[in-house]
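J.: my questions are about this predicted structure, shown below with the sequence.
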Amino acid sequence: MEDIRREALKWTLVNALEHRGKANLKAVVRKLVAELPGWRCKIGELSEIVRQEVAEVNAWSREEQLYQLRKIGPVERHKPRERRGLSELPDLDKYPMVVTRFAPNPNGPLHLGHVRTALLSHEYARRYKGKFILRFEDTNPENTLLEMYELIKRDLRWIGLSWDEEYAQSDRIELYYGYAERLIREGKAYICTCEVGRFRELRDRGEACPCRDLPGEEHLGRWERMLSGDFVKGEAVVRIKTDMKHPNPAVRDWSALRSVAKPHPRVGERYSVWPLYNFSAAIDDHEMGVTHVIRGKEHEVNEQRQRTLYKHLGWSYPTAVQHGRLAMLGVALSKTQTVRAVRGGELSGYDDVRLGTIAALRRRGFVSEAIRQLMLDIGLTLVDSSLSWETLCAYNRKFVDQIASRYFFVANPVELFVHNAPELKEARLRLHPNRPESSERILPLDRRGSTLVFHLSGEDAAALGEGQVFRLKDLMNVKLTKKGRSLEADFHSLEVADGPKLHWVSGGAVELEVIKPDNTLEHGLAEPAVAGLQIGTIVQFERYGFSRIDAVRPKLVAVYGHR
Ligand code: GLU
């Protein structure tokens with residue numbers, strides 16, 4: 001019965017992955033009957049099993065489906081079509097060269113959603129031997145943070161991205177002013193001083209506000225006054241004229257530039273008028289020759305706004321490629337909340353382990369290859385997907401398992417005295433079990449007369465019972481004789497036997513603090529070799545989890561990643 005469930009799950013997954021995440025009950029049943037003709041006479045029972053599998057699988061995200069399918073192992077016959085890798089970009093024949101860009105706002109740290117957009121844009125530019133641009137959209141002096149430019153670049157480099165050109169919009173303000181003035185002169189934009197609530201009321205009814213049809217001279221005058229700082233925040237905005245009957249009221253006469261009193265962290269008090277996202281981004285996409293704008297579908301209305309500007313200026317809009325939203329399960333904080341908590345000291349930094357930022361993932365020992373692979377597997381789908389930690393960890397495990405050296409670490413250590421032990425001085429263990437060529441690590445034994453002294457993890461110690469024989473992993477079997485605050489045992493034998501195999505530390509063990517995902521600390525002892533590791537090294541503490549060395553002085557600290 002389990003076998004048939006497994007087969008049903010497998011073919012449901014294959015079918016789902018071939019059909020935009022939604023498996024078709026009949027198709028899966030047909031497939032199963034073809035594969036397992038013996039079930040033809042029990043078609044009712046089979047359909048019921050498949051029905052349950054289809055319901056479950058269809059509720060999963062694509063990456064969850066991919067992950068589950070991989071867990072089952074390779075599928076013989078009919079490999080799902082185009083499971084991996086990215087689809088081709090549209091409109092390739094329209095342009096001599098593909099130009100893409102990533103345009104972050106330097107107002108908070110990058111998370112996986114941003115990296116997905118950045119990676120896709122980069123990947124396509126490289127695939128078609130085109131150009132990839134990094135553009136900081138920093139036209140909001142009120143939330144731009146100076147430290148973010150470098151942090152963002154660091155994260156992007158870490159993920160493996162390189163860019164051919166880099167811009168900050170705060171260097172390009174005169175350019176936007178030029179276009180604003182041109183549009184005002186041509187009667188395609190105007191300056192609105194209406195109270196915003198009033199403007200919206202009229203707009204929602206499809207009516208023009210009193211400013212819209214004032215003479216051109218008046219608007220040019222207002223523009224001059226805006227530039228010389230005569231208006232305070234909220235008093236005047238430049239609006240792009242659109243059809244006041246546009247089906248979406250949010251598109252009608254959208255605002256393009258506004259007065260801001262706050263100095264900008266990069267360029268100071270040089271400007272009192274700042275463009276809003278839709279204006280500067282739209283102009284830059286044209287000016288920078290961007291051919292494919294790859295971004296989240298939450299920008300759909302923005303795209304409609306930007307298209308109206310392109311029409312005014314006689315430009316043709318780049319090919320817009322949208323992708324769905326990617327939610328990270330269990331990561332609750334928004335950018336603004338994160339920034340506030342870091343500034344207020346409630347979080348230790350943008351790499352606080354409780355965050356889902358790229359910096360936090362890096363700190364927890366996630367490797368860029370895993371993140372890249374996962375993001376490319378998710379690809380350019382339009383459907384929203386949610387990403388579980390389980391999937392993220394499974395991707396990472398595939399990579400770190402190959403590279404991480406193994407060490408012993410015991411959390412909340414309990415002392416163990418082993419009496420009548422043979423004359424052993426040390427244990428020599430491999431750094432990596434699957435790599436016979438990997439070098440050895442030496443664990444000296446703490447000998448006091450005929451007694452050897454070890455530490456076990458508190459959890460292991462608690463689970464032992466008097467009289468129990470267990471193995472000190474890769475060393476010897478001992479029999480527990482007494483269990484108190486510390487443990488007493490007698491040497492039993494050397495050869496590997498059934499029973500629990502516990503990791504241990506002995507001579508030269510070093511104190512190590514582990515930062516857990518909820519930012520609590522776990523104290524313990526690690527084998528001596530851990531003291532010699534460099535910051536950033538990803539290790540596997542056996543039977544504990546993958547961790548990354550976070551600090552070596554004054555204390556040895558590791559950050560826990562995952563099992
Ligand atoms: N700065 C915008 C953002 O981060 C860019 C959107 C776009 O790609 O046009 O949301």
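T.: That came in fine, so what should we check first? Numbering: from 1, shown residues only.
J.: drop to CA atoms for contacts and neighbour counts, all remaining ones
T.: OK.
J.: how close does the residue sitting furthest away from the middle of the chain sit to Asn420?
T.: Seen from the C-alpha centroid of the chain, the residue lying at the greatest distance (C-alpha atoms, centre = their mean) is Gly449, 53.6 Å away. As judged by C-alpha to C-alpha, to the nearest Å, Gly449 and Asn420 stand 9 Å apart.
J.: returning to that earlier point: tell me the contacts of the residue farthest from the centre of the chain?
T.: Contacts for Gly449 (C-alpha atoms under 8 Å, 6 or more residues apart in numbering) come out as none.
J.: so what pLDDT did it get?
T.: Per-residue pLDDT puts Gly449 at 93.
J.: with adjacent residues omitted, what lies nearest to the residue in the chain positioned nearest to the ligand?
T.: Using C-alpha to the nearest ligand atom, Pro104 is the residue of the chain that sits closest to the ligand, at 4.2 Å. The shortest distance from Pro104 to any non-neighbouring residue, by C-alpha to C-alpha, 6 or more residues apart in numbering, is to Phe136 (5.4 Å).
J.: identify the contacts common to Gly449 and Asn420.
T.: Common neighbours of Gly449 and Asn420, using C-alpha under 8 Å, 6+ apart, do not exist here.
J.: list the residues that contact the spatially most central residue of the chain.
T.: For the chain, the residue nearest the mean C-alpha position is Leu112 (2.3 Å; C-alpha atoms, centre = their mean). Applying C-alpha under 8 Å, 6+ apart to Leu112 gives the contacts Leu326, Met328, Gly356, Thr357, Ile358.
J.: mind running it again at 7 Å?
T.: Residues near Leu112 by C-alpha atoms under 7 Å, 6 or more residues apart in numbering: Thr357, Ile358.
J.: from Trp389, how far off is it?
T.: Using C-alpha to C-alpha, Leu112 is found at 12 Å from Trp389.
J.: go on, Val50?
T.: For Val50, the distance to Trp389 equals 27 Å [C-alpha to C-alpha].
J.: the more surrounded of the two?
T.: Ranked by neighbour count (other C-alpha atoms under 10 Å), Val50 and Trp389 place Val50 first, with 25 against 15.
J.: need the residues of this structure near the ligand, please.
T.: Ala103, Pro104, Asn105, Glu137, Arg295 (C-alpha under 6 Å from any ligand atom).
J.: the second one against Glu137, yeah?
T.: I take that to be Pro104. Yes: look at Pro104 against Glu137 with C-alpha atoms under 7 Å: they come within range, at 5.9 Å.
J.: what about Gly130, how many neighbours?
T.: By the criterion of other C-alpha under 10 Å, Gly130 has 17 neighbours.
J.: what residues are up against it?
T.: Gly130 makes contacts with Met97, Val98, Val99, as judged by C-alpha under 7 Å, 6+ apart.
J.: could you do Leu456 as well?
T.: Contacts for Leu456 (C-alpha under 7 Å, 6+ apart) come out as Val410, Pro413, Val414, Glu415, Leu416, His503, Trp504, Val505.
J.: now with 10 Å, please.
T.: Applying C-alpha atoms under 10 Å, 6 or more residues apart in numbering to Leu456 gives the contacts 408-416, 462, 472, 486-487, 502-506, 524-525.
J.: give me the buried entries from those.
T.: Neighbour counting by 16 or more other C-alpha atoms under 10 Å classes 408-416, 472, 487, 502-506, 524-525 among the contacts of Leu456 as buried.
J.: wait, isn't Lys26 in contact with Ile43?
T.: No: the pair Lys26 / Ile43 is not scored as a contact, 11.2 Å apart, by C-alpha atoms under 10 Å.
J.: shared neighbours, the two?
T.: Residues touching both Lys26 and Ile43 (C-alpha under 10 Å, 6+ apart) are Leu32.
J.: who has more neighbours out of those two?
T.: Higher neighbour count among Lys26 and Ile43: Ile43, with 15 against 12, using other C-alpha under 10 Å.
J.: after the host helix or strand of the more buried one, which helix or strand is next? Please name it.
T.: Per DSSP states H and E, Ile43 falls inside helix 43-58. Once helix 43-58 ends, the next helix or strand along the chain (criterion: DSSP H and E) is helix 62-72.
J.: now do the buried residues in that following helix.
T.: Neighbour-count burial for helix 62-72 [16+ other C-alpha under 10 Å]: Arg62, Glu63, Glu64, Gln65, Leu66, Tyr67, Gln68, Leu69.
J.: so which residues make contact with it?
T.: Contact with helix 62-72 is made by 6-7, 9-14, 16-17, 20-22, 57-61, 73, 75, 83-84, 374-375, 377-379, 381, 383-388, 390-392, 394-395, as judged by C-alpha under 10 Å, 6+ apart.
J.: I figured Asp243 hits Leu309, correct?
T.: No: between Asp243 and Leu309 no contact is recorded; they are 11.7 Å apart, counting by C-alpha under 10 Å.
J.: these two - which one has more neighbours?
T.: Of the pair Asp243 and Leu309, Leu309 is the one with more neighbours under other C-alpha under 10 Å, namely 25 against 13.
J.: what does the nearest residue to Leu416 once chain neighbours are set aside show for phi and psi?
T.: Spatial nearest neighbour of Leu416, excluding adjacent residues (C-alpha to C-alpha, 6+ apart): Leu487 at 4.5 Å. Phi and psi for Leu487, reported as degrees, to the nearest 10, are phi -110, psi 140.
J.: cool, and His111?
T.: phi -120, psi -170.
J.: show the pLDDT at Glu35.
T.: 76.
J.: now do the one 3 residues further on
T.: Gly38 carries a pLDDT score of 71 in this model.
J.: what's around it, how many residues?
T.: Counted with other C-alpha under 10 Å, residues neighbouring Gly38 total 11.
J.: please list all residues in contact with it.
T.: Contact analysis of Gly38 by C-alpha under 10 Å, 6+ apart lists Leu32.
J.: which SS state does it fall under?
T.: helix (DSSP: H, G, I helix; E, B strand; the rest coil).
J.: repeat that for the one 3 residues further on.
T.: Cys41 falls in the helix class when you classify it by three-state DSSP.
J.: what's the separation between it and Ala489?
T.: Using C-alpha to C-alpha, Cys41 is found at 61 Å from Ala489.
J.: of those two, which one has the most company?
T.: Between Cys41 and Ala489, counting by other C-alpha under 10 Å, Ala489 is the more crowded of the two (25 against 10).
J.: picking up where we left off before, tell me which of the contacts of helix 62-72 fall in strands.
T.: Using DSSP state E, Ser385, Ser386, Leu387 are the members of the contacts of helix 62-72 that sit in strands.
J.: looks like the last one contacts Ala394 (just checking).
T.: No: using C-alpha under 10 Å, Leu387 is not in contact with Ala394; the gap is 11.6 Å.
J.: now the common contact residues for the two.
T.: Residues touching both Leu387 and Ala394 (C-alpha under 10 Å, 6+ apart) are Leu374.
J.: okay, the two: which has more neighbours?
T.: Leu387 (21 against 17).
J.: any idea how far apart the tips of stretch 35-52 sit?
T.: End to end - C-alpha to C-alpha - stretch 35-52 spans 19 Å.
J.: quick one: buried residues of it?
T.: Applying 16+ other C-alpha under 10 Å to stretch 35-52 flags Leu46, Ser47, Ile49, Val50, Arg51 as buried.
J.: quick one, helices of the stretch 201-350 of the chain?
T.: Applying DSSP state H, counting those that start in this stretch to the stretch 201-350 of the chain gives helices spanning 216-227, 277-287, 300-313, 335-343.
J.: what does the stretch 401-550 of the chain give?
T.: Using DSSP H, counting those that start in this stretch, the helices of the stretch 401-550 of the chain run over residues 458-463.
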